[in-house]
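S.K.: Sequence and computational prediction follow.
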Number of protein chains: 2
Amino acid sequence: MKLGTLAIVGVGLIGGSIGKAVKERGIAQRVVGIEANPDSAQWALTNGLIDEVAAQVPDDAELVALCVPSDLVAEWVVALSQHPAPLFDVGSVKAPIIEAIAASQPVPPTFLPCHPISGSERSGPQAADAALFDGCTVVVTPLQHTAARAEQACSEFWQALGAQVVSMQPDAHDAALAVTSHLPHLLAFAFMQQVDDAHLPLTGGGFRDFTRIAAASPELWWRIMQLNRKALTAALDDYADNLRAMAEVIEQGDEGKGLALIQAAVAKRQRAQRLQDES
Amino acid sequence: MKLGTLAIVGVGLIGGSIGKAVKERGIAQRVVGIEANPDSAQWALTNGLIDEVAAQVPDDAELVALCVPSDLVAEWVVALSQHPAPLFDVGSVKAPIIEAIAASQPVPPTFLPCHPISGSERSGPQAADAALFDGCTVVVTPLQHTAARAEQACSEFWQALGAQVVSMQPDAHDAALAVTSHLPHLLAFAFMQQVDDAHLPLTGGGFRDFTRIAAASPELWWRIMQLNRKALTAALDDYADNLRAMAEVIEQGDEGKGLALIQAAVAKRQRAQRLQDES
């Protein structure tokens, strides 16, 4: 894939990583960054994540990456609905973004909702990583009227960054990510409430890994949990049932049931690890 | 520190790592392993984690490391109560072990209850790591009648392996570890119940780290959760309250309270990371 001009709206962790990877892999001749925070814009320019800074998406952009927070995607899609280039977002929720666009106008056929399942507890262009998408899965949720050309261009772009593209329905994406990502963040945030300073010297590698996601950006995660509130609440209800079942077997000392529950968890975790190792 | 003979009872992950570290650092002239599983014993011998295999702790052992599962510690302490050498265990719970010994006889003054806060989701001598205790915290919970000589010998031994030694009351240890280690395992085991195969391709680094502890040994963790059931149940009750508070602010869309909760979690997690980085 070889683009002329790529526009990146929002040059934070994700937008910055896209810029860095595109430059390293020679995917575009020119990368233009549109970034509201002047410090981030300047940093990205100085450090070669982008070639220029602009106030708006250039008319000649051949692809537009909307890397703004999920709750700001809709207004950008609406603003760019007359632009001929394919555009995609990178939000962690899909149906609420599509609904927010549809509330003001038909979703443009140039827009492909995307979600690269890749991130970091760090944020900002300083945390940009050219390998962030290498081997990661990107979920795309095309709509009935999404143009085949837009879907193809965006998918090829992600593949050029090293990602695997998977197509899903928006609601199915949101329900699955509520379980695999949003719920773990909620659980880790809740867990940290009962940790106090006296506990900190008594923590090891297990604590460190289990709570790493609790170091994420509060604003970003509040928005995601709000936008995906419906699916997240359903996942949390299931979790409360699972937690109650675990608590009961522990309280009753029911070794048969307790071991069976833990063994099922361990077997699934090992299968997940094998899948991640293979990909 | 320079020992003559060190005896290690139970040459699994922890016992094997002690053997490996002792040999690498030249802390003992001779390391004798006592291991019920003949394959593990042979592997540890062939791979140099121990110098010899024995059926029982040699009379001339100068220090005895009891690296058997927590629920087997008491019978070993009782069996070795006439042995003159200081001995320590490595169990993740302390008060229940002490109570189990006290149920049959006074706790010998040679015994120092210890807990190295270090581990891995892997198990067996094959997973032994000579650096496992380097920089880790070891909690010791001496009793009123623990001999100063035993406490000193065991503490010096841990320090020689690179660990920091912290002294606590057994109950305080169990309450703290219920929060920092046993509860996260329980939460991760419960979480895995609702993950199915269709979710697995939709997982990233956050999921991987959050669930790593769910790949641990089921038998080991069932025992730990049973032994520390009282403190764990109290920690779980607190967690249920924290989870309910998070669920409420998300459902109500209360941004002020929601952000405050998440920000408190993030701030604590960052403090924990700084402490771990410094140590």
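M.R.: Yep, that arrived.
S.K.: From now on I want contacts and neighbour counts done on CA atoms only, so please keep to that.
M.R.: Noted.
S.K.: For stretch A:247-257, could you pull out the residues that count as buried?
M.R.: Counting neighbours by 16 or more other C-alpha atoms under 10 Å in any protein chain shown, one finds that the buried residues in stretch A:247-257 are A:247, A:249-250, A:253, A:257.
S.K.: what distance separates the host helix or strand of A:Leu6 from the centre of its chain?
M.R.: Assessed by DSSP states H and E, A:Leu6 sits inside strand A:3-9. Distance of strand A:3-9 from its chain centroid, counting by C-alpha atoms, centre = their mean, to the nearest Å, is 20 Å.
S.K.: do the same with stretch A:59-78
M.R.: 15 Å.
S.K.: what comes into contact with it?
M.R.: A:3-12, A:14-15, A:57, A:83, A:85-93, A:97-98, A:100-101, A:104-105, A:108, A:111, A:153-154, A:220, A:223-224, A:227 (C-alpha atoms under 8 Å, 6 or more residues apart in numbering or on different chains).
S.K.: now the end-to-end length of that stretch.
M.R.: Using C-alpha to C-alpha, to the nearest Å, the end-to-end distance of stretch A:59-78 comes to 16 Å.
S.K.: Ok, stretch A:198-212 next?
M.R.: 19 Å.
S.K.: any residue of that stretch up close to chain B?
M.R.: Yes: with C-alpha under 8 Å from any C-alpha of the partner chain as the measure, stretch A:198-212 is seen reaching chain B through A:199-212.
S.K.: Please tabulate those residues in CSV, including the columns secondary structure.
M.R.: Shown next, in CSV, are the residues of stretch A:198-212 next to chain B (DSSP: H, G, I helix; E, B strand; the rest coil):
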residue, secondary structure
A:His199, helix
A:Leu200, helix
A:Pro201, helix
A:Leu202, helix
A:Thr203, coil
A:Gly204, coil
A:Gly205, helix
A:Gly206, helix
A:Phe207, helix
A:Arg208, helix
A:Asp209, helix
A:Phe210, helix
A:Thr211, helix
A:Arg212, helix
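S.K.: now the strands for the stretch 51-200 of chain A?
M.R.: All strands of the stretch 51-200 of chain A, identified by DSSP state E, counting those that start in this stretch, fall at A:52-53, A:63-66, A:87-89, A:111-112, A:114-116, A:137-140, A:164-167.
S.K.: next one: the last one to chain centre, how far?
M.R.: Using C-alpha atoms, centre = their mean, the distance from the centre of strand A:164-167 to the centre of the chain it belongs to is 14 Å.
S.K.: So which elements touch it?
M.R.: Contacts defined by 3 or more C-alpha pairs under 8 Å, 6 or more residues apart in numbering or on different chains; DSSP states H and E place strand A:164-167 against strand A:137-140, helix A:148-160.
S.K.: run the last query once more with 10 Å
M.R.: The elements that strand A:164-167 packs onto, with contact taken as 3 or more C-alpha pairs under 10 Å, 6 or more residues apart in numbering or on different chains; DSSP states H and E, are strand A:114-116, strand A:137-140, helix A:148-160.
S.K.: of all these, which lies closest to A:Val266?
M.R.: Closest to A:Val266 of the helices and strands packed on strand A:164-167, according to C-alpha to C-alpha: strand A:137-140, at 23.4 Å.
S.K.: contacts for the closest one?
M.R.: With C-alpha atoms under 10 Å, 6 or more residues apart in numbering or on different chains as the test, strand A:137-140 has contacts from A:88-90, A:92, A:94, A:112-118, A:151, A:154-155, A:158-159, A:162-170, A:173, A:279, B:201-204.
S.K.: Give the partner strands of that strand in its sheet and their orientations.
M.R.: Here strand A:137-140 is paired, per DSSP bridges, with strand A:114-116 (antiparallel), strand A:164-167 (parallel).
S.K.: which of those strands sits most buried?
M.R.: Of all those, strand A:114-116 carries the top mean neighbour count, a mean of 25, counting by mean count of other C-alpha atoms under 10 Å in any protein chain shown.
S.K.: what residues does it touch?
M.R.: A:14, A:65-66, A:87-94, A:132-133, A:136-142, A:151, A:154-155, A:158, A:163-167, A:170, A:173, B:202, B:204.
S.K.: can you pull out the helices in the stretch 151-279 of chain A?
M.R.: Using DSSP state H, counting those that start in this stretch, the helices found in the stretch 151-279 of chain A span residues A:170-177, A:183-192, A:205-211, A:218-227, A:229-252, A:255-278.
S.K.: For the strands of the stretch 51-200 of chain A, could you give me TSV that also reports mean pLDDT and distance to A:Ala178?
M.R.: Putting the strands of the stretch 51-200 of chain A into TSV (pLDDT from 0 to 100; distance: least, C-alpha to C-alpha, whole Å) gives the following:
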stretch	mean pLDDT	distance to A:Ala178
strand A:52-53	97	35
strand A:63-66	98	22
strand A:87-89	98	18
strand A:111-112	98	21
strand A:114-116	97	13
strand A:137-140	96	14
strand A:164-167	96	17
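S.K.: Adding distance to B:Ser123, write those out as JSON lines.
M.R.: JSON lines is the format used below for the strands of the stretch 51-200 of chain A (distance: least, C-alpha to C-alpha, whole Å):
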{"stretch": "strand A:52-53", "distance to B:Ser123": "52"}
{"stretch": "strand A:63-66", "distance to B:Ser123": "45"}
{"stretch": "strand A:87-89", "distance to B:Ser123": "43"}
{"stretch": "strand A:111-112", "distance to B:Ser123": "46"}
{"stretch": "strand A:114-116", "distance to B:Ser123": "34"}
{"stretch": "strand A:137-140", "distance to B:Ser123": "31"}
{"stretch": "strand A:164-167", "distance to B:Ser123": "33"}
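S.K.: Show me how to select, in ChimeraX, the buried members of the contacts of strand A:137-140.
M.R.: Of the contacts of strand A:137-140, the buried ones go into a single ChimeraX selection, burial set by 16+ other C-alpha under 10 Å:
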select /A:88,89,90,92,94,112,113,114,115,116,117,118,151,154,155,158,159,162,163,164,165,166,170,173 /B:201,202,203,204
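S.K.: Would you pull up the residue in the stretch 101-250 of chain A closest to chain B?
M.R.: The nearest approach of the stretch 101-250 of chain A to chain B comes at A:Phe210, 4.1 Å away (C-alpha to the nearest C-alpha).
S.K.: what sits against the closest residue to that residue other than its chain neighbours?
M.R.: Nearest non-adjacent residue to A:Phe210, counting by C-alpha to C-alpha, 6 or more residues apart in numbering or on different chains: B:Phe210, 4.1 Å away. B:Phe210 is in contact with A:181, A:184-185, A:187-188, A:206-214, B:184-185, B:187-188, B:191, counting by C-alpha under 10 Å, 6+ apart.
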